[in-house]
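>>> When you get a sec, could you give me coordinates for this:
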Amino acid sequence: MSAPRPVATARRLQGPADWHAWRARVEALEPACPANPWAGWESWELSARVLGHGGCWALEAAESRGGPLLAAAVLRQETVTRGGLRLRTLRAFDQASFMRVPTFLAPRGTEEVAALALAPAFVQACRDARADLVTLYRQDDATARPLTRALTAHGVHVREGLWTRAAQIVLPDDLAGHLARSRASLVRSRERTLRKLQHAGLPPPRALHLVASELDEAAWQATCARLGALAATTWQRAWEAASERVDLDLTRAFERASLELWRRQGRLELHVLTLPDETGRERDAALAVTVGGEGRTWVVRAGYDPAFRAHGPGRLLLHEVIEHGHARGERLFELGGEVLGWKTQWADRYEDVGRLEWAGRTWKGRLWNLTQRLRSAAPPTSR
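Alright, predicted model coming up:
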């Protein structure tokens, strides 16, 4: 007798009540899934709360109707303008993350089977929402590739792309030996800074490490203000303020809500490096915000005050973060985001971060799909 086929469903979550009714089913699935700060019911609901609870779709694959989940995903409906067309779009919750977002939640090692089971729910959501386009950005390759194959088997033409490549630090047990062999220039830079401060009669750098869940409310608010003041000096904040691609209000709202969530989960740690200024007064020079889980650390925010650039405060603090994490058994550090110069100095490995798109069966969707195919087939223009 053959095993029963999984049941795939997609339904609209109309508001907070629907979200909370879905919670128990998703959280029963989560313990078997790889940890990720941007996946799971609490993370998804946080995004829905910031963006608005309405217009979201819950996608499920279950062993039987109403039975335990094999996989789950969530999409949100919005309208975008692409190529002069206003398109009704289903989008993944990628707005809050500069890292890799799992395309769906599934127990580790079951990604291929889960994608096959869940693909009909993606097709159904696209059809029921009358979506012209589905866009999944910043997607973790381990789930994005299986879903592409599963959707292709259902006749969906998926356009795959590379969003970026995530830098990772992968450490052996012998940290000192690894740094001496593979990161000798960074070790020497650190030693030069320490000697320079010593010769000038200035105090050495001091690293402050805080576990956010251990702070009372007053200390937490004071720490947030301190980090905010330091973050305001960084080049990242200046770039965000000048960029037309960044919605500052939305970005700050995601940051505040995410920090509160990770603090409540007991996963948030804050790191500050202090250095003496030209008068010898100790000042905050660099910051790092990290989230831990299953022997892995996500460096979700890092920056430094350019006034201390000559001392390499970012490198000094990352040394401290790595040494602190390594001492308690962490061996993988996710740097995420774009592959910038400072990350290439540290990275031991890179992993693809994908982008998936496919058109719905509306007239706008078909037109968008046609323009994309024509654009791909067009020969490159000569200069």
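>>> buried set for the lengthiest strand in the chain?
Ranked by number of residues, the top strand in the chain under DSSP state E is strand 69-82. For strand 69-82, burial by neighbour count (16 or more other CB atoms under 10 Å) applies to 69-77, 82. Placement of C-beta: from N, CA and C, glycine included.
>>> Do a quick rundown of the strands in the stretch 201-350 of the chain.
Assigned by DSSP state E, counting those that start in this stretch, the stretch 201-350 of the chain shows strands spanning 206-211, 268-276, 282-293, 296-304, 332-334, 349-359.
>>> Contacts made by the second one with the rest, please.
The set of residues external to strand 268-276 that reach it, using CB atoms under 8 Å, 6 or more residues apart in numbering, is 197, 202-203, 205-213, 223, 226-227, 230, 259, 262, 282-292, 304, 308, 311, 313, 316-317, 320-321, 324.
>>> got the angle between the host helix or strand of Trp57 and strand 69-82?
Assigned by DSSP states H and E, Trp57 belongs to strand 56-62. Relative orientation of strand 56-62 versus strand 69-82 (axes from the mean of the first three to the mean of the last three CA atoms, to 10 degrees): 150 degrees.
>>> show me where pLDDT drops low in this protein?
For the chain, the stretches with pLDDT under 70 are 1-3, 337, 377-383.
>>> can you give me the helices for it?
Secondary structure of the chain (DSSP state H): helices at 16-29, 41-51, 111-128, 141-153, 175-182, 184-199, 217-231, 235-242, 248-265, 313-327, 341-346, 363-377.
>>> Tell me which of the ones you listed approaches Glu63 most closely.
Among the helices of the chain, the nearest to Glu63 by CB to CB is helix 111-128 (9.1 Å).
>>> Pull that closest one out as CSV, backbone CA atoms only.
The C-alpha trace of helix 111-128 is given here as CSV (Å, rounded to 0.1, in the frame of the first residue of the first chain):
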residue,chain,number,x,y,z
GLU,A,111,14.8,20.1,1.9
GLU,A,112,14.2,18.2,-1.4
VAL,A,113,11.2,16.3,-0.1
ALA,A,114,9.8,19.3,1.6
ALA,A,115,10.1,21.4,-1.5
LEU,A,116,8.3,18.9,-3.6
ALA,A,117,5.5,18.7,-1.0
LEU,A,118,5.3,22.5,-0.6
ALA,A,119,5.5,23.6,-4.3
PRO,A,120,1.8,23.2,-4.9
ALA,A,121,1.1,25.6,-2.1
PHE,A,122,3.3,28.3,-3.9
VAL,A,123,1.4,27.6,-7.1
GLN,A,124,-2.0,27.9,-5.3
ALA,A,125,-1.0,31.1,-3.5
CYS,A,126,0.0,32.7,-6.8
ARG,A,127,-3.3,31.7,-8.4
ASP,A,128,-5.6,32.6,-5.5
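>>> Mind listing what's buried along it?
Going by neighbour count (16+ other CB under 10 Å), the buried part of helix 111-128 is 111, 113-126.
>>> between the strands of the stretch 201-350 of the chain, which gets nearest to Asn369?
Closest of the strands of the stretch 201-350 of the chain to Asn369 is strand 349-359, at 3.9 Å (criterion: CB to CB).
>>> Now find how far off-centre the closest one is within its chain.
Chain-centre distance of strand 349-359: 13 Å, with CA atoms, centre = their mean, to the nearest Å.
>>> in its sheet, what does it sit against?
strand 133-140 (antiparallel), strand 159-170 (antiparallel) (DSSP bridges).
>>> so what are the domain limits for this structure?
Annotated domains of the chain cover 7-165+353-377, 172-330 [automatic domain parsing].
>>> Ok, which of these comes nearest Gln345?
Closest approach to Gln345 among the domains of the chain is made by domain 172-330 (6.2 Å; CB to CB).
>>> The closest one spans what distance, first to last residue?
Domain 172-330 has an end-to-end distance of 10 Å (CA to CA, to the nearest Å).
>>> What about Arg138, how many residues nearby?
25 (other CB atoms under 10 Å).
>>> no, scratch that, I was asking about Ala307
Ala307 is flanked by 14 other residues according to other CB under 10 Å.
>>> repeat for Ala347
Summarising burial for Ala347: neighbours were counted as other CB under 10 Å, giving 17.
>>> And it, how close does it get to Ser182?
10 Å (CB to CB, to the nearest Å).
>>> same question, Leu151
Plainly put, Leu151 is 40 Å away from Ser182 if you go by CB to CB.
>>> Neighbour count: the two, which is higher?
Shown here are Leu151 and Ser182; by other CB under 10 Å, Leu151 has more neighbours (23 against 14).
>>> Restricted to buried residues, select the contacts of strand 268-276 in PyMOL.
Selecting only the buried entries of these in PyMOL, with 16+ other CB under 10 Å as the criterion:
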select buried, resi 197+205+207+210+212+223+226+227+230+259+262+284+285+286+287+288+289+290+291+292+304+308+311+313+316+317+320+321+324
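>>> residue contacts, Val80?
Val80 is in contact with 86-87, 89, 133, 135, counting by CB under 8 Å, 6+ apart.
>>> what do you get if the cut-off is 6 Å, keeping everything else the same?
Taking CB atoms under 6 Å, 6 or more residues apart in numbering, we find Val80 in contact with 87, 89.
>>> ok so, going back, now the strands of the stretch 201-350 of the chain as JSON lines including distance to His20?
Putting these into JSON lines (distance: least, CB to CB, whole Å) gives the following:
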{"stretch": "strand 206-211", "distance to His20": "29"}
{"stretch": "strand 268-276", "distance to His20": "24"}
{"stretch": "strand 282-293", "distance to His20": "24"}
{"stretch": "strand 296-304", "distance to His20": "26"}
{"stretch": "strand 332-334", "distance to His20": "30"}
{"stretch": "strand 349-359", "distance to His20": "29"}
